[in-house]
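*Asks:* Predicted model, plus sequence, below.
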Amino acid sequence: MDGKISDERFMTMSQNYEQEQTELKKQTVTLEAEVSSQEEQALNLDRFLLLVRKYVGMTALTPEALHELVDRIEIHAPDRSNGKRTQDIDIHLNFVGLIGKLDLTKMKSKNPIAN
């Protein structure tokens, strides 16, 4: 009657407030981690672009370029389950990671071993 809330109502509101604060703190940690991850990706992309600009116009792959651009190459076991021999090759570039699957059957080469 005099504008005050009951103790029970106060406790309910206080608990709801505490739960909300806990959830907001968790969300803050998650969002800060996401921002940090995005900033790191942007920095890595900038680093990679600096490397790529160094080799624009390159006509042949040199050992120096290979070592600077490529982090690792993974060659997987051959697969003959569909009647044809296929083999996955993953190329991981420095600063950007895996660039995607290569389909060597669509690539043309003067090397008869590669065809």
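*Replies:* Everything's here; your move. Keep in mind the model is a prediction, meaning the values are calculated, not measured. Numbers count the residues shown, from 1 in each chain.

*Asks:* got the domain boundaries for this protein?
*Replies:* For the chain, automatic domain parsing gives the domain ranges 1-54, 60-115.

*Asks:* Now mean neighbour count and mean pLDDT too, for the ones you listed, in a markdown table please.
*Replies:* Where C-beta positions appear, they are placed from N, C-alpha and C, glycine not excepted. Compiled in a markdown table, the domains of the chain are given as follows (neighbours: other CB atoms under 10 Å; pLDDT from 0 to 100):
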| stretch | mean neighbour count | mean pLDDT |
| --- | --- | --- |
| domain 1-54 | 10 | 91 |
| domain 60-115 | 10 | 80 |
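
*Asks:* And what about residue 57, helix, strand or coil?
*Replies:* Here residue 57 is coil, with the state taken from DSSP: H, G, I helix; E, B strand; the rest coil.

*Asks:* Can you tell me how far it is from residue 65?
*Replies:* According to CB to CB, to the nearest Å, residue 57 stands 12 Å off from residue 65.

*Asks:* Kindly report the same for residue 13.
*Replies:* 65 Å.

*Asks:* looking at this, residue 98 is in a strand?
*Replies:* Yes: according to three-state DSSP, residue 98 belongs to a strand.

*Asks:* and residue 72, that one's in a strand?
*Replies:* Yes: counting by three-state DSSP, one finds residue 72 located in a strand.

*Asks:* how about the nearest residue to it, chain neighbours excluded?
*Replies:* Spatial nearest neighbour of residue 72, excluding adjacent residues (CB to CB, 6 or more residues apart in numbering): residue 92 at 4.9 Å.

*Asks:* where does that neighbour land in three-state SS?
*Replies:* Quick answer, by three-state DSSP: residue 92 is strand.

*Asks:* so what's it up against?
*Replies:* Residues counted as contacts of residue 92 (CB atoms under 8 Å, 6 or more residues apart in numbering) are 70-74, 98-99.

*Asks:* would TSV of those with distance to residue 46 be doable?
*Replies:* Listed next are the contacts of residue 92 as TSV, based on distance: CB to CB, whole Å:
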residue	distance to residue 46
70	18
71	17
72	21
73	24
74	25
98	19
99	17
